Every structure is written in C-alpha cells, then in structure tokens.
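Asks: My questions concern the predicted model and sequence given below.
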Amino acid sequence: MNRLRTFSSEVLHSALKRYWGYDSFRPRQENIVQSLLSGRDVCVVMPTGGGKSLCYQLPAALLTGETVIVISPLIALMQDQVAQLKQMEISAALLNSTVSNEQQNKIIERAKTGAYRLLYLSPERIARPDTVGWLQQVPIAFFAIDEAHCISEWGHEFRPDYRLLSSLKGDFPSCAIAAFTASATQRVRHDIIEQLKLREPDKYIASFHRPNLHYIIRECGAEEQVSLLLAALKKFSGESVIVYSPTVKRIQETVELLREHGFTAIGYHGQMDAATRQRNQEAWASDEVKIMVGTLAFGLGINKSAVRAVIHLALPKSIEQYYQEAGRAGRDGEPADCILLWQKRDAGLLEYFASIIEDRKERQRMRDQSAEVLRFAESKQCRHWRICMHFGETPKWKMCKACDVCGSQPEWMEAIPKSATKTSNKKPRKKPKGISGKAFPVGREQSVKNLPALIQPVKYSRPAAPASTLREHLREWRRNEARAQGVPAFIVLHDSSLDDLCRARPKNLADFRKVSGFGVKKIEMYGAKIIAALENYRGE
C-alpha cells in the first residue's frame, strides 16, 4: 500500500489530545509519526518509557481502513496494549496462544476487511507457513517491530524466530517497516537495518543519558549486601521498587528475608504458574504491594512510571540488559536510584550461564558481554558517560554528578560500614549461594534472631501528607475499578495522571481537559466516577 499520506501538525496534535489526553509530543515522537505516515522505513532507538508505542499507535488511529501489524515477543504486553487501545476506542486485536482457534479465525477474517487499526502478532506467528497467505489479504499500513534488537545476534536478547522477519520485505515489498528498541549498540542498529532490509530508513536515536537516574554500584559481601538492601528499602518506604535477583532460589530467599523485616514483597519468575505471575504483577502494578523481586523476565512491557528504585543483587549479563532494567526506574522523569550490589562470586554465576549454552559463538559472545559488565562495575569512570559511550554516543562531559564514581553517594549507603564486606568471601564456594548464604538462614522461625545486629529488623513509620493520602485514596479507587474490569491498574489511569488529579482536583467534566492523560473516551468512562471519589475524599 505504502502511499504518501500527509497530515498537518494540527491534526496530529488533535489526535494526541483526543485519544491520549496529552497536549504535546515527547522529543522525536512527532517526527517519527510523520515518517511512518509518509511511508518511510524507520529505525527508532528510544529509552524505556520514552513513548515508543505511541509512535506507531497514533498513525494507526488516523489511517481508517488500514491496519498496522505490530510484531511483539511479549504476550502480556500485547494484551495490555490491546486493552488500552480499546479503552481509547481504537480498534485492536491480537493473535497468540491465549486466543482460541475459533476466535483467531474470526479475527483473521475481520482483519482482511480492514476492521482493525492495529493487529498484534508474535514473531512465531509470522513464521507459520499459513500466515503470509492471509496477511497478504489485509490492507496493511506498515509493520511495527517491537524489541527489534532481538533480530541481531550481537544483541543481548537474540531470538532465532526474529531472523525470520528478514523475509517481510520480500513478502510485502510495498509495506514500510518500523523497528523499535530501547537498547541497541551501534553494531546492533546496523544489524537491525541489514536484517530487516530497511530502505534508506529514517533513523531516530535518542540520547542514552538519563540525567534523573542516580547510578550507584558497590562490590560487597553477603552481609553488607543484605544490610544495603534493607537500608535502601527503608529509604524508599512507601515507594515502588524493583529488586532483580539472578536465580529463582535467590528470589524466594529475598522475598522471605524482606517479609521477615516487615516489608511487603512478592516474587516473579518463570517457574511460577502463569496465573500466579499475573496476579503478582498486577498486585505490584496497582500498588497493593510496593516491592517486586524478580528475574530479568519481570518488567518487560510494564507501563509503570513512578518506580523510585531498581536494585540489582548480582551482575547482569550485559550492559544492555542493565541499562534496560535499570531504566525502568524514574520513567516519570523524577529522580530515581539504580543500585547494583554485586559480589565477586557473580562472575562465576555468569560463567555458569555461559557454559550451558551449546552454540560456541553464542557462548563466547555471552562471555565477552560478561567481561564487559565486570569492567563496567569495577570502573572508576563516570557511570553515565560509560553507558553513553557503550551505545555509541559521545558526551561532551566526563562527570555527571549523579553516580557513585562522580562522588554522589546516598546517606543511607554511607551509614553501612564496609568492614562487613569481605567476611562472606573468605571461603571458596563451588556453587553460587542465595542471598542468605550460610550466614543468613531464612526459615520463618529462626531467620530474625540469627541475623547479625547490623541488619536486625528496623521499625519506622512516616506520617502521610494530605497530598499522599489523596493519592492513596485515588489509587484505591483505581485498584477497585481495574479489578472490576479485569485489567491492570495502569490501563485505567497512569501514575502521572493520578498525580495530576491530586493537583487539579476537577469538579466537573470540563476540568479534566486540563489533566494529563485524559482523552475524550477516558473522560467519558471515568470522569463522573473520579469526581464522586474526590467528593467522597473531601467528605471524609
């Protein structure tokens, strides 16, 4: 189809306000939208939370009778985006293993008539022999490929199924392709363009510098690691936090330890059944639980902006992985801490992960990435500067004043003595231990009394200010509304919209036009209910 489509800036801003409730685009979004509407191939590298999905959803909303095909590896993300689009009255559907065969057939037939503005498919679905045939009968506007770094063998999440997307240009020669990723080095970007056969694509590479993030990296022993973890969580009491652990065992140990110390925490890992994972994810996303302890599988596609800290309890497998995971903090633009508490034994765990990879080239690639992560952790150069350089961006500055190397260290970390650091590393270990190690048993009856005095349970409380009590009142309303609809809380309202509501306190529907994130449909769905919730709060 690939015909030239021209829309004025006024039309684009009108659609942005009507559907998303925003007054202005984020940097580069409008240019990307115009490139896609004009039929250009596009390669977009934009940090987590930068607004990538809007770049292909807004053109889809404007192109009546045409369908944007979105290819994503994440079932949960597909489901959330389709639910969100439906709340904005933008017709969307998905095809994956969660949809019955009968329903899939109905969706395919409707797609052939151009009934959907967006249709979400997995890369595995594209690989099926029968897919290309019916897809060629769909009036396709363009293809949007999310997590595009997965197509590159040089990327940190290479997936063989993504290689099959190389045939898209041959099967659909008149369709533009848009590749989106949050973390791709210069080499990976070139590989994405080559593999997808993009034709002179418009390239939009956002800066990798996230100035609101505070990078803190510290090598420690088992005792100090636990002390620092508890001190950090005390600092962020009442705020949303993600704790990343490298193994299922350590996740379970960490959740148990935190509960023993009075923190509400839940876990997320691949060995949980799908229903439990979904329930835990929604409990954290809706603020019922503030601390999520998970493997790297957690957080992909999570649309939660007000995460105040991301804490890693082991070295990640690559700098790209660390950047992506740490970048889930502070997506609202407010200050947030990215804390990496690592131990010497982490290198052994990374070597173990590499050793079980059968492919020789892939095994060596992982070892190279692990060595690079270790150099990054031990480096005495600015963390922000090194991350930017890793992704091919050359900053004009050498010091950020927002990382431990540049002399910025939080008070809670300084209060933990480094004398405890080496105690756990005196005896060699053949296998990686959990966070508890031998020094920290975590059985329900004995864990607290056996912990060193340094990390005994801390009792503290923080009085709630009026603004925070209103926010919690609205969060409770949002939780109930989301539960009634069977959708994640952020689909009902983003955290940024909740904050704006606390500021604006609308008294009528017209007032909602001044609140960020309230498009026409959202005002219609929730305006009266929110006014009632605010009146109820004032009455209390």
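Replies: In hand now; what should we look at? Numbers count the residues shown, from 1 in each chain.
Asks: What separation do you get for the residue nearest to Ile140 when sequence neighbours are not counted and Pro417?
Replies: Once flanking residues are discounted, Ile140 sits nearest to Cys175: 5.2 Å by C-beta to C-beta, 6 or more residues apart in numbering. All C-beta atoms are positioned from the backbone trio N, CA, C, and that covers glycine. Distance, Cys175 to Pro417, by C-beta to C-beta, to the nearest Å: 61 Å.
Asks: Those two: which is more packed in?
Replies: Cys175 (17 against 10; other C-beta atoms under 10 Å).
Asks: Please verify my assumption that that one contacts Ala144.
Replies: No: counting by C-beta atoms under 8 Å, Cys175 does not reach Ala144; the two are 10.8 Å apart.
Asks: Let me know the pLDDT of Arg315.
Replies: Arg isn't right for residue 315; it's Leu. Reported pLDDT at Leu315 in the predicted model: 93.
Asks: the domain parsing of this structure - what is it?
Replies: What automatic domain parsing lists as the domains of the chain is 9-205, 213-455, 466-539.
Asks: so where's this structure shaky on pLDDT?
Replies: For the chain, applying pLDDT under 70 flags the ranges 1-4, 156, 297, 299-302, 419-467.
Asks: can you map out the strands along the protein?
Replies: In the chain, the strands defined using DSSP state E lie at 42-45, 67-71, 92-95, 118-121, 140-145, 176-181, 202-205, 213-219, 240-244, 265-268, 291-294, 307-312, 336-342.
Asks: looking at those strands, which is closest to Leu493?
Replies: Evaluated with C-beta to C-beta, these place strand 240-244 nearest to Leu493, the distance being 15.0 Å.
Asks: That closest one vs strand 336-342, what angle?
Replies: Per axes from the mean of the first three to the mean of the last three C-alpha atoms, to 10 degrees, the angle that strand 240-244 makes with strand 336-342 is 20 degrees.
Asks: strands paired with strand 240-244, and their directions?
Replies: Strand 240-244 pairs in its sheet with strand 291-294 (parallel), strand 307-312 (parallel), by DSSP bridges.
Asks: Test my guess that Gly351 contacts Arg367.
Replies: Not Gly; residue 351 is Glu. Yes: counting by C-beta under 8 Å, Glu351 sits close enough to Arg367 to count as a contact (7.3 Å).
Asks: what sits opposite Leu94 in the beta ladder?
Replies: On the basis of DSSP bridges, Leu94 is bridged to Tyr120.
Asks: neighbours of it, just the number please.
Replies: For Leu94, using other C-beta under 10 Å, the count is 24.
Asks: Make sure it is actually in contact with Tyr116.
Replies: No: Leu94 is not in contact with Tyr116 according to C-beta under 8 Å; the separation is 9.7 Å.
Asks: Can you tell me the closest non-neighbouring residue to Tyr56?
Replies: In space, Tyr56 is closest to Ala144, 3.9 Å off (C-beta to C-beta, 6+ apart).
Asks: Is the one you found in contact with Pro59, as I believe?
Replies: No: using C-beta under 8 Å, Ala144 makes no contact with Pro59, being 9.1 Å away.
Asks: Please identify every residue contacting each of those two.
Replies: Counting by C-beta atoms under 8 Å, 6 or more residues apart in numbering, the residues touching both Ala144 and Pro59 are Val68.
Asks: give me the number of residues near Met88?
Replies: Neighbourhood size, Met88 [other C-beta under 10 Å]: 18.
Asks: residue contacts, it?
Replies: 19-20, 61, 519, 521-522.
Asks: Likewise for Trp412?
Replies: Taking C-beta under 8 Å, 6+ apart, one finds 231-232, 234-235 in contact with Trp412.
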